[in-house]
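S.K.: What would the 3D arrangement of this be:
(one chain, ligands or ions: 3)
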Amino acid sequence: MEKTYKILTYGCQMNVHESEKIAGLLEREGYTCTENDFADVVVLNTCCVRESAETRILGNLGILKKTKEQHPEMKIIVCGCMTQADGAAERLQKRCPFLYAILGTHNLDKIPEILSENERHTHIEVSQTYAVKEDIPIARTSGINAWVNIMYGCNNFCTYCIVPYVRGRERSREKKRVIADVKALVEQGYKQITLLGQNVNSYGHDLIDKNSDFASLLRDLSEIDGKFRIKFMTSHPKDIQRETILALSSGEKLSHFLHVPAQAGSDRILKLMNRGYTAREYLNKVDMIRTIIPDAGLSGDIMVGFPTETEEDFADTLRLVQNARYDNLYTFIYSRRNGTPAAAMEGQVPISDKKHRIRELIATQAIVAEKQAAQAVGKQFEILCSEYRDGKLIGETACGKAVVFDGKADLVGKFFPVRIIKHKNSKLYGVIQ
Ligand code: SAH
Ligand code: SF4
Ligand code: F3S
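M.R.: Ligands and ions are numbered 1, 2, ... in the order given. Just a heads-up that it's a prediction; the model follows:
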């Protein structure tokens, strides 16, 4: 009988891509993907960046426990960031003794071996050694888009963030490997390649070859033959170099879109967060980007309710959002993560204040995004068409703006000009030229 698998993914693009690797490994072993409640193997690829993610995962484990009572042969594996936190794997095993295995973020490649062992106890393999592993098969699921890791881990230790603890220190993949991956993906017909790293601007700092910095990687990638686009995320503002922005402006295949999280607009809070820049320095970087690349698209992350944040600090954040003129903003309520310095800080902000601040932040950004969208009306852009949904096509400009337009499904994966004819709030509508 056919063996089936199912993967439930939580968290960021890094995890979405890692789930493609888990799928690749399972498919190599002869498993096929299923949407049913029951599968021979169910993998939860977890996130712990905020409490809400952990709550959802624990809720889902409760549901899976019931399914397993009806299908005792089902093997449930939990992997990803949540298991890497101090003592988390042991706590999880106690709470969920029905788990088949608990793995970390660095030993996903062990899944086939562990499945073949068929033991009755829970396998716990949470590694604290973070070697870069190559040559894992990847079952890609994102249509014309493909993810490529350029680095793993993070060295920044922002005081609120759990990621450096669960993903280890920065490790860059060798430049020649990244280039070979992108070349192969373009040859296979992928049209948009997104380079992944927690802080792509520090790519290569840990490599012996000192010519492997992010700007030179971008330049080399844009030399690859074929019609395609390169995107990347995330850019830590403190490490954005003029050299990188110059490389972006001159490489025809490089997207003009940057995701540059500010987190806050108050210098006092930014210092407590250990972000390494002031609000003025952040906005100067944004100005530098827009001077070199006038059509640059910009998105950001902002967090409200960091410990000790006052109404005055929050007003600074709103000002920064207005000045940065983001096309798109991801907004978060600060969530206390055990083991991080901010969790132990005095002055935790009451949830009622956090909620009114996030509402105000979202309302402020809605006005900013609408103004940004209005500026695009009447202009023509080269679109990469990525999706046909509900009778409409959806595509993206080189500066990262999403546009909805009419056309046939066979245009997906193609580049062509579209003129923007109207906007509704921040959403853009266009016609093919
Ligand atoms: N490496 C990326 C961010 C990865 S986490 C960067 O530094 O830009 C994605 C976002 O989650 C962060 O930008 C931050 O806004 C948010 N985040 C991280 N830790 C958080 C916490 N404890 N509570 C709420 N939001 C958090
Ligand atoms: Fe977390 Fe900061 Fe690293 Fe981003 S740069 S992953 S927010 S510690
Ligand atoms: Fe990503 Fe969540 Fe881990 S945001 S790096 S999956 S903690």
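S.K.: Output the set of residues of this protein in proximity to ligand 3.
M.R.: Applying the criterion CB under 6 Å from any ligand atom, the portion of the chain that neighbours ligand 3 consists of 11-12, 14-15, 47-49, 81, 163, 166-167. Every C-beta, even on glycine, is put in place using the N, C-alpha and C of the backbone.
S.K.: Now the residues you listed in TSV, please, with extra columns for pLDDT.
M.R.: Listed next are those as TSV, based on pLDDT from 0 to 100:
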residue	pLDDT
Gly11	95
Cys12	94
Met14	93
Asn15	95
Cys47	96
Cys48	95
Val49	96
Cys81	94
Val163	95
Val166	92
Arg167	92
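S.K.: CSV for the residues you listed, including distance to ligand 1?
M.R.: Below are the residues of the chain next to ligand 3 laid out as CSV (distance: CB to the nearest ligand atom, whole Å):
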residue, distance to ligand 1
Gly11, 9
Cys12, 6
Met14, 9
Asn15, 11
Cys47, 9
Cys48, 9
Val49, 5
Cys81, 10
Val163, 6
Val166, 11
Arg167, 10
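S.K.: Against Arg167, how distant is the residue in the stretch 1-150 of the chain that ligand 2 sits nearest to?
M.R.: The shortest separation between the stretch 1-150 of the chain and ligand 2 is 7.9 Å, found at Val49 (distances taken as CB to the nearest ligand atom). Applying CB to CB, to the nearest Å, the value for Val49 to Arg167 is 11 Å.
S.K.: try Ala363
M.R.: Counting by CB to CB, the gap from Ala363 to Arg167 is 34 Å.
S.K.: More neighbours: the two, which one.
M.R.: Ranked by neighbour count (other CB atoms under 10 Å), Ala363 and Arg167 place Arg167 first, with 20 against 10.
S.K.: for the stretch 51-200 of the chain, what spans make up the strands?
M.R.: Along the stretch 51-200 of the chain, the segments classed as strands by DSSP state E, counting those that start in this stretch run 75-80, 101-103, 123-125, 145-149, 151-152, 171-172, 192-196.
S.K.: I'd like those laid out as a markdown table, including mean pLDDT and mean neighbour count.
M.R.: Converted to a markdown table, these look like this (pLDDT from 0 to 100; neighbours: other CB atoms under 10 Å):
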| stretch | mean pLDDT | mean neighbour count |
| --- | --- | --- |
| strand 75-80 | 95 | 24 |
| strand 101-103 | 93 | 24 |
| strand 123-125 | 81 | 16 |
| strand 145-149 | 96 | 22 |
| strand 151-152 | 94 | 24 |
| strand 171-172 | 94 | 21 |
| strand 192-196 | 97 | 21 |
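S.K.: what's the single longest helix in the protein?
M.R.: helix 351-376 (DSSP state H).
S.K.: do that helix and ligand 1 meet?
M.R.: No: looking at helix 351-376 against ligand 1 by CB under 6 Å from any ligand atom, there are no contacts, and the closest approach is 10.0 Å.
S.K.: Could you identify the helix or strand that succeeds that helix?
M.R.: Sequence order places strand 380-389 as the next helix or strand after helix 351-376, per DSSP states H and E.
S.K.: So which bits of the protein are right by ligand 2?
M.R.: Counting by CB under 6 Å from any ligand atom, the residues of the chain that sit close to ligand 2 are 154, 156-158, 161, 163-164, 198-199, 236.
S.K.: and if we set it to 8 Å?
M.R.: 49, 154-158, 160-164, 167, 198-199, 234, 236, 261, 263, 275 (CB under 8 Å from any ligand atom).
S.K.: Please identify which two of the residues of the chain next to ligand 3 are farthest apart in space.
M.R.: The distance between the two most remote of the residues of the chain next to ligand 3 (CB to CB) is 12.9 Å, for Met14 and Cys48.
S.K.: Which strands and helices lie in contact with the helix or strand of the chain with the lowest mean pLDDT?
M.R.: Taking mean pLDDT, DSSP states H and E as the measure, the chain has strand 123-125 as its least confident helix or strand, at a mean of 81. If you count contacts as 3 or more CB pairs under 8 Å, 6 or more residues apart in numbering; DSSP states H and E, strand 123-125 packs onto helix 88-95, strand 101-103, helix 111-117.
S.K.: on that earlier part again, might one say that the residue of the stretch 1-150 of the chain closest to ligand 2 is in contact with Pro164?
M.R.: No: because the distance of 11.5 Å does not satisfy CB atoms under 8 Å, Val49 is recorded as not touching Pro164.
S.K.: Now do the helices in the stretch 251-400 of the chain.
M.R.: Under the criterion DSSP state H, counting those that start in this stretch, the stretch 251-400 of the chain carries helices at the ranges 267-273, 279-292, 311-324, 351-376.
S.K.: on that earlier part again, any common contacting residues for Val49 and Arg167?
M.R.: Contact with both Val49 and Arg167 is made by residues Cys81, according to CB atoms under 8 Å, 6 or more residues apart in numbering.
S.K.: For the protein, list the residues in contact with ligand 1, please.
M.R.: Taking CB under 8 Å from any ligand atom as the criterion, the contact residues of the chain with ligand 1 come out as 12, 49-50, 154, 156, 158, 160-163, 198-199, 234-236, 259-261, 263, 301-303, 330, 332-337, 340, 342.
S.K.: among these, which ones are buried?
M.R.: Applying 16 or more other CB atoms under 10 Å to those, the neighbour count classes 12, 49-50, 154, 156, 158, 160-163, 198-199, 234-236, 259-261, 263, 302-303, 332-335, 337, 340, 342 as buried.
S.K.: In this structure, which residue sits closest to ligand 3?
M.R.: Using CB to the nearest ligand atom, the closest approach of the chain to ligand 3 is made by Gly11 at 2.6 Å.
S.K.: Burial check on that residue, number of neighbours?
M.R.: As a burial measure, Gly11 scores 21 neighbours (other CB under 10 Å).
S.K.: and the residue of the stretch 1-150 of the chain closest to ligand 2, what is it in contact with?
M.R.: Taking CB under 8 Å, 6+ apart as the criterion, Val49 is in contact with 11-12, 81, 161-163, 335, 337.
S.K.: Repeat that for Thr129.
M.R.: Residues counted as contacts of Thr129 (CB under 8 Å, 6+ apart) are His106.
S.K.: What does it show for phi and psi?
M.R.: The phi/psi pair for Thr129 (degrees, to the nearest 10) reads phi -100, psi 130.
S.K.: And the pLDDT for it?
M.R.: At Thr129, the model reports a pLDDT of 72.
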